[in-house]
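1. please work out how this folds:
(chains A and B)
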Amino acid sequence: MNGTAEAMVVPRPYGLLAELTHRCPLHCPYCSNPVELVRRETELPTEDWVRVLRQAAAIGVVQVGFSGGEPLLHPGLGRLIRAARAEGLYTNLITSGVGLTETRISELRDDGLDTVQISLQADAAEMADIIAGTPSHELKLATARAVVAAGFPLGVNVVLHRRNIDRLPGIIAMVESLGAMRLELANTQFYGWAFRNRAALIPTREQVLRAETVAAREAERLRGRMQIVYVLPDYHERRPKPCLHGWGARSMTVNPRGDVLPCQAANAIPGMTFENVRDHGLEWIWRESESFNRFRGTGWLPEPCRSCPDRAVDFGGCRCQAALIAGDAAVTDPVCEFSPHRSLLDGMLAGASGEDDWIYRR
Amino acid sequence: MNEISGRPGLAPHVRRHPDRATGGVLLLHPEGAIELSDTADAIVRLCDGNHTVEAIVAELADEYDAPVERIREDVAACLGELAKAGLIRFA
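-> Numbering: from 1, shown residues only, chains lettered A, B, ... in the order given. Model (predicted):
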């Protein structure tokens, strides 16, 4: 506890990201999961997940995303969706689409699943399959169509990077033709495995500027038909993102082992330990645990954030990024133009040449 | 496109949710949740695809014993916002 008045008021959480497994049929170089994955043997059993869902609903959570890895690989998925719906939770399946057969789609609908989000890698198989590291694009498209045909609102997520960002017009047209309700164009966030591959993934400034223009124009054209959400490439920004709207403010992640994280990537912060749902209830972890209170509110902020008028806008940015780039989670996000570490990030941008090849996650 | 007429109903992916944490009401949708004021909730509860906008106005004016003109303004503003967010549709 850092003893400031701001930290004393613990907000209620709205969202839970349930990472059921790290196992995944794809090998994407931009994977933001940790370099060291949770192994199958140590995955949380279904009964424990059911308890987590009940505890989450009891402290205010209203949305749960079943994610991974590939959540379809967890044997308890159907039961978990039913348990979540029994608690009134809104349920979203965040999937590669691989393994989502028509039979499975109708089972999940019967379980009460609300929405499906499928990832796509590019606008055509020749590129998408290279990015995913496995032939999967045509199958994913067929799956997306089946999801829409089954009456689900479909969301599509495309992670953008140097190799696919110039294909934005084709990507948007493809997703439009699927009848998706929402398209998230997410510039790669450099955490976990993706951080290793940053030199091969970071887009050029020219690419970023072109993509922003296309995304804005297309969002306008599709208004009322398909929502386009464009997630900025924050390395190219001058101010940090308001990461998760603050640490321990609105949402939490439970990883496949049952560790409760304020942010998906928080496990990578050296020196921090996170509580596990096998040892503690979610309410205590959310409200009282040291890990959730460490960066909660704005009372912990260092300079230059402490005296910055934007401290309540961006909360000092992302803790994991500060740890990864500056080597200290408790300093200003190096994206910020006022960060003393900004030059480290500029060095990474300058050093990303496109000559680099990526390493697949296998 | 967002004309406030016809019979409003919640979009298929939207759910009205009594909020345990506050005792209030939320509208849940794929990207999040929005909190409804008591007035907004009174309107949303009548967005069942059967009531026309005018029927909603009449019913609320009756229930709250308030001038129809004022209720009509409230209903139009509320439905306009929800429609813009894609949370209701007009049949």
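2. rest of the way, CA atoms for contacts and neighbours
-> OK.
3. how about A:Ala329, nearest residue that isn't a chain neighbour?
-> A:Ala323 (4.1 Å; C-alpha to C-alpha, 6 or more residues apart in numbering or on different chains).
4. need phi/psi at that neighbour.
-> A:Ala323 adopts backbone torsions of phi -70, psi -40, taken as degrees, to the nearest 10.
5. do the same with A:Gln117
-> Per-residue torsions, A:Gln117: phi -120, psi 120 (degrees, to the nearest 10).
6. for it, name its beta-bridge partners.
-> On the basis of DSSP bridges, A:Gln117 is bridged to A:Ile94, A:Gly155.
7. just list the residues touching the residue nearest to A:Ala329, thanks.
-> By C-alpha atoms under 8 Å, 6 or more residues apart in numbering or on different chains, A:Ala323 lies in contact with A:269-270, A:329-330.
8. I'd like these written out as a markdown table, with neighbour count added.
-> Below are those laid out as a markdown table (neighbours: other C-alpha atoms under 10 Å in any protein chain shown):
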| residue | neighbour count |
| --- | --- |
| A:Ile269 | 17 |
| A:Pro270 | 13 |
| A:Ala329 | 22 |
| A:Ala330 | 18 |
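9. what's the most distant pair in these?
-> Farthest pair in these (C-alpha to C-alpha) is A:Pro270 and A:Ala330. Separation: 11.2 Å.
10. what lies in contact with stretch A:340-350?
-> Outside stretch A:340-350, the residues touching it (C-alpha under 8 Å, 6+ apart) are A:199, A:202, A:235, A:325-326, A:334-336.
11. repeat that with 6 Å
-> Stretch A:340-350 has contacts (C-alpha atoms under 6 Å, 6 or more residues apart in numbering or on different chains) with A:334-335.
12. same question, stretch A:249-260
-> With C-alpha under 6 Å, 6+ apart as the test, stretch A:249-260 has contacts from A:11, A:13-21, A:42-44, A:261-262, A:264, A:275-277.
13. got it, and stretch A:67-87?
-> A:18-24, A:46, A:94-95, A:111.
14. buried set for it?
-> Neighbour counts over stretch A:67-87 (16 or more other C-alpha atoms under 10 Å in any protein chain shown) mark A:67-74, A:76-85, A:87 as buried.
15. got a list of what A:Leu20 touches?
-> Contacts of A:Leu20 (C-alpha under 6 Å, 6+ apart): A:68, A:71, A:256.
16. redo those residues as a markdown table? Include distance to A:Glu283 and secondary structure.
-> Below are these laid out as a markdown table (distance: C-alpha to C-alpha, whole Å; DSSP: H, G, I helix; E, B strand; the rest coil):
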| residue | distance to A:Glu283 | secondary structure |
| --- | --- | --- |
| A:Gly68 | 23 | coil |
| A:Pro71 | 24 | helix |
| A:Pro256 | 19 | coil |
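17. ok, back up a step: keep only those of the buried residues of stretch A:67-87 that are in helices.
-> The helices, defined by DSSP state H, take in A:77-85 from the buried residues of stretch A:67-87.
18. residues contacting the residue of chain B found nearest chain A?
-> Closest approach between chain B and chain A, counting by C-alpha to the nearest C-alpha: B:Ala21, at 5.1 Å. Contacts for B:Ala21 were tallied using C-alpha under 6 Å, 6+ apart; they are A:Gly60.
19. close to chain A, is the lengthiest helix in chain B?
-> Once chain B is assigned using DSSP H, the helix that runs over the most residues is helix B:68-84. No. Using C-alpha under 6 Å from any C-alpha of the partner chain, helix B:68-84 stays clear of chain A, with a minimum separation of 8.0 Å.
20. what's the burial count for A:Pro203?
-> 26 (other C-alpha atoms under 10 Å in any protein chain shown).
21. per-residue pLDDT, it?
-> A:Pro203 carries a pLDDT score of 94 in this model.
22. looks to me like it is in a helix.
-> No. According to DSSP: H, G, I helix; E, B strand; the rest coil, A:Pro203 belongs to no helix; its state is coil.
23. quickly note the distance from it to A:Leu160.
-> 9 Å (C-alpha to C-alpha, to the nearest Å).
24. still on that earlier bit, check which helix or strand the residue of chain B closest to chain A maps to.
-> Under the assignment given by DSSP states H and E, B:Ala21 is not contained in any helix or strand.
25. checking my notes, A:Ala194 in a helix, right?
-> Yes. Assessed with three-state DSSP, A:Ala194 lies in a helix.
26. distance of the residue nearest to the spatial centre of chain B from A:Leu349?
-> The centroid of chain B falls nearest to B:Val44 when counting by C-alpha atoms, centre = their mean (2.9 Å). In this view, B:Val44 and A:Leu349 are 49 Å apart by C-alpha to C-alpha.
27. re the thing from before, same list (the contacts of A:Ala323) but as CSV, adding pLDDT.
-> Listed next are the contacts of A:Ala323 as CSV, based on pLDDT from 0 to 100:
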residue, pLDDT
A:Ile269, 94
A:Pro270, 92
A:Ala329, 96
A:Ala330, 96
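28. possible to save the residues you listed as JSON lines with secondary structure and distance to A:Ala122?
-> Below are the contacts of A:Ala323 laid out as JSON lines (DSSP: H, G, I helix; E, B strand; the rest coil; distance: C-alpha to C-alpha, whole Å):
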{"residue": "A:Ile269", "secondary structure": "coil", "distance to A:Ala122": "31"}
{"residue": "A:Pro270", "secondary structure": "coil", "distance to A:Ala122": "34"}
{"residue": "A:Ala329", "secondary structure": "coil", "distance to A:Ala122": "34"}
{"residue": "A:Ala330", "secondary structure": "coil", "distance to A:Ala122": "36"}
